[in-house]
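Enquirer: Predicted structure and sequence below. I'll ask about it afterward.
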Amino acid sequence: MANDLVIKVLKTKTKSLNLSSRKITDLPEAFARLTWILTLKLNNNYLSSLPSELQSLRHLTELNLGNNVLEEVPSVLKHLCCLKKLFLYGNKISHLPPEVLEGLPNLVLLNLNHNSIKVIPPEIKRLCALESISLTDNQLEQIPAEFGLIKSLTEINFNNNKLTQIPQQLYNLSQLRKLYLARNNLTELPEGVLGWKNLKILDVAGNCLSVFPVGFQFLALKELFFEGNCLVPFTLMESIQEKEALLLKELSARLILKESTNKFSVVSKALPIYPELQDLLSQWGQCALCAQPFLTTWLECVQFINLWKHMGMKSSQSIPVRVLLCSYDCFNRNDHLYYRLIWI
Ligand SMILES: [Zn+2]
């Protein structure tokens, strides 16, 4: 039956071929002659592999192989360098071969939903035109830092996986508009969230988050889904705390950090000679109240951000957002609504 259709296409020279739901188990050899074809739909069949002859479909821009029985990404795909949209959802794929990723520089959309993928190789960065990637319902345990290099990404869907963390490099994706991380095992989002300059939708429902990272309230979100987490409840007591004694190491670090902001100081002139020290100091933070720097010692606090009042969203719920203070001196001031967070 597939053969008849191929012959028809050969006669009419149509640019798109739809062979969805036709109980196909193997592709006929005649396929190799469809060199001008742009769109090919082979979803909802019983394909377990693709013949190498398929590489003659050099102009193919869209290929749907969803809902078949593929156990691996067919290696012939690495020759289809014009591909823009690739659908591989609903197969039995457990790994992504780096050589295929390297052969698809024009890919814009990659859908791998409902497979058994555990690892995304670092070569994912070769998909330098990628705008949308979806791996809903896989077995992902981590995301490689190289994801942060795919600057064209606008939508990522990692719902229903086993992620325990996301790399900080994900914040380099300033074009990202939609990020779905629901139903994973995330315990925190790393600091640096303001890199998501264009993020509009964030779904972190069904994880184990206790607070949102510093500055979260300044994101221009339109929708936030966060039900089913272990967020700090809004029942914290205000408290006055004793003064702390900072260790010499922290005191010196603060002094150096403060001096380093003055480019005429001895410290800023000397710092380039000590790259290790510079590296160490690059991890600094800043007090939310007095704006003074700190390095290894700070007070963990939260503020409760009302989604409607502070972020202009439709929901009137509040979320705890992490706030860092330099000292009890600052915490004991009475011009703030920060609550001390004590991790048990
Ligand atoms: Zn302070």
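Expert: Perfect, I can see it now. Please read these numbers as outputs of a predicted model, since none were measured by experiment.

Enquirer: for the ion, what are the nearby residues on the stretch 151-300 of the chain?
Expert: The interface of the stretch 151-300 of the chain toward the ion, taken as CB under 5 Å from the ion, is made up of Cys287, Leu289, Cys290. Placement of C-beta: from N, CA and C, glycine included.

Enquirer: what about burial for those, which qualify?
Expert: Among those, the ones that count as buried by 16 or more other CB atoms under 10 Å are Cys287, Leu289.

Enquirer: Give the buried residues for the biggest helix by length in the chain.
Expert: Among the elements of type helix in the chain, defined by DSSP state H, the one spanning the most residues is helix 248-260. By neighbour count, and taking 16+ other CB under 10 Å as the criterion, the buried residues in helix 248-260 are Ala253, Arg254, Ile256, Leu257, Ser260.

Enquirer: Need the pLDDT of Leu104.
Expert: The per-residue pLDDT reported for Leu104 equals 96.

Enquirer: which residues touch the closest residue to it other than its chain neighbours?
Expert: In this structure, Leu104 finds its nearest non-sequential neighbour in Leu83, 5.7 Å apart by CB to CB, 6 or more residues apart in numbering. Leu83 makes contact with Leu60, Thr61, Glu62, Leu63, Leu77, Leu104, Asn106, Leu107 under the criterion CB atoms under 8 Å, 6 or more residues apart in numbering.

Enquirer: Closest one of the buried residues of helix 248-260 to the ion?
Expert: Arg254 (10.4 Å; CB to the ion).

Enquirer: residues contacting the closest one?
Expert: Applying CB under 8 Å, 6+ apart, the residues contacting Arg254 are Leu246, Gln292, Pro293, Phe294, Leu295, Cys326.

Enquirer: residues making contact with the next helix-or-strand element following the longest helix of the chain?
Expert: Per DSSP states H and E, helix 248-260 leads on to helix 266-270 as the next helix or strand towards the C-terminus. Judged by CB under 8 Å, 6+ apart, the contacts made with helix 266-270 from elsewhere in the structure are Ile256, Glu259, Ser260, Thr261, Asn262.

Enquirer: quick revisit: out of the contacts of Leu83, which are inside strands?
Expert: Glu62, Leu63 (DSSP state E).

Enquirer: Could you export the contacts of Arg254 to a markdown table, including columns for neighbour count?
Expert: Listed next are those as a markdown table, based on neighbours: other CB atoms under 10 Å:
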| residue | neighbour count |
| --- | --- |
| Leu246 | 16 |
| Gln292 | 14 |
| Pro293 | 18 |
| Phe294 | 20 |
| Leu295 | 19 |
| Cys326 | 23 |
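
Enquirer: All set now, cheers.
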